[in-house]
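Colleague: pasting a predicted model and its sequence here:
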Amino acid sequence: MRSVAIIGAGQAGLQLALGLQSQGYRVTVVSDRSAEQLETGRIMSTQALFHDACATERAQGLDFWSSQCPPIEGIAVNVSPPGARGQPALSFAARLDQPAYSVDQRLKFGAWLREFERRGGAVLIEQADIQRTDLLSAEHDLTLIASGKGDLGRLFENDPQRSPFHAPQRHLALAYLKSARPRAGHSAVSFTLIPGAGEIFVLPGLTRTAQGHTQPYENVLIEAVPGGSLDVFGGVREPQEHLRLMLELLREYCPWDYDRLKDAELTDEQATLSGKVTPQVRRPVARLPSGRCVLGLGDTLVINDPITGQGAGSAAKAAALYQERIIWRGQQPFDRVWMEQTFEEYWSYARYVTRWTNAMLGPPPPHILAVLNAAQSRPGLAHAFVNAFNHPPQFFPWLEHPSEAERLIEQHQVA
């Protein structure tokens, strides 16, 4: 029986651990928090998973919540320039071919960690350092780092050719709200672009109550250009003040969302979060003091801003591909060449997510605005744009080439 150690208990780490466990591998998971600590801790993310990413969970029998979770049935796009009031300057919406879902990661990771233990998996609750990782690598055939924080994340060198940014491009503020009125028509991610200021996202999901039950809620994520009019959360620590500021911004920039959220409340006292992310791609293999190699997984290696809602989905897809390649490896050694090839195969997909996300962080060029404008009157184009969130390679080549954007618009001439 081959053995695998996974340091990190997030989307990628736990999904891979449970998948390998189901195939007869001896798996050890190192988590810095217990299941109970995960469930009762601070919120972590907006965690939307589109259909293809959801399918990777279902293939492993890990979709425990889709019957309870409010589906995300579409995406609504609005452009609301600073100074505009009342109505967006540009707006369209379309349905997803298959619904997306957002399950509070506190709920998901706590349940997955319990399930892994229930199935006989070994769980170590500790903050693994480099020395501890080296010991684990001596005891297992393969060791993966699925946590990009601290010294373990710094083991992996930055890849400068794939990392154009050296500082955060957005300051982030997130809250989970309950008792909101549903969106009229079908449920959707409401995505409002405020050129020069940032972006505001609202989407439904499923969380847990203090009593351990599940309940629907709304994610509200504000992505602020540093120093811009949305960048007001620095130094805010009190949850109710965080909520007050968030609702003020919604009232000013997204009155169509504010109207149904104005009387909402925080789901719990841990339901706010603020921070920043520097987009980065790291080299996939790190060498430990012993000389043994470890392989990075998920956002240990590819760290994107959450502006495109791809973080959790990319982690799920990485876990699925890594599992397949580990199984295909059979009894052959997990050497450095195999590690690099496995990541490069994942990068052949992830590079599109990174290029799309990085493009969204800059001012939208004329050809992208032209596509958004045309989508208002061309349902086929709106449908194509919205469903590309499920498979980001579909944004290319038009996203980067004005002539291809023109061709895309021409393909959807029927208004």
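Modeller: Noted; the coordinates are in hand.

Colleague: show me where the stretch 51-200 of the chain dips below the pLDDT cut-off.
Modeller: Across the stretch 51-200 of the chain, residues meeting the criterion (pLDDT under 70) sit at 82-86.

Colleague: could you give the bridge partners of the closest residue to residue 239 other than its chain neighbours?
Modeller: Using C-beta to C-beta, 6 or more residues apart in numbering and skipping the chain neighbours, the partner closest in space to residue 239 is residue 272 (4.8 Å). C-beta here means a position set from N, CA and C on the backbone, and glycine is covered the same way. Beta-bridge partners recorded for residue 272 (DSSP bridges): residue 175.

Colleague: thinking residue 272 is in contact with residue 174, fair?
Modeller: Yes - with contacts counted by C-beta atoms under 8 Å, residue 272 reaches residue 174, the gap being 6.9 Å.

Colleague: what residue ranges in the stretch 301-415 of the chain score low on pLDDT?
Modeller: If you take pLDDT under 70 as the line, the stretch 301-415 of the chain has these spans: 414-415.

Colleague: rerun at 90
Modeller: 413-415 (pLDDT under 90).

Colleague: where exactly do the strands run in it?
Modeller: All strands of the stretch 301-415 of the chain, identified by DSSP state E, counting those that start in this stretch, fall at 302-303.

Colleague: which residues of it fall in helices?
Modeller: 311-329, 336-360, 366-375, 379-387, 402-411 (DSSP state H, counting those that start in this stretch).

Colleague: swap in the chain?
Modeller: Assigned by DSSP state H, the chain shows helices spanning 11-22, 35-40, 51-59, 105-118, 130-139, 150-154, 239-253, 255-261, 311-329, 336-360, 366-375, 379-387, 402-411.

Colleague: tell me which of the ones you listed sits most buried.
Modeller: helix 11-22 (a mean of 26; mean count of other C-beta atoms under 10 Å).

Colleague: residues contacting the residue nearest to residue 239?
Modeller: Applying C-beta atoms under 8 Å, 6 or more residues apart in numbering, we find residue 272 in contact with 42, 43, 173, 174, 175, 176, 239, 242, 243, 266.

Colleague: if you set the cut-off to 10 Å instead, what comes out?
Modeller: Going by C-beta atoms under 10 Å, 6 or more residues apart in numbering, residue 272 touches 42-43, 173-176, 220, 233, 236-243, 246, 266.

Colleague: give me the common contacts of residue 272 and residue 174.
Modeller: Contacts common to residue 272 and residue 174, judged by C-beta under 10 Å, 6+ apart, are 43, 220, 233, 242, 246.
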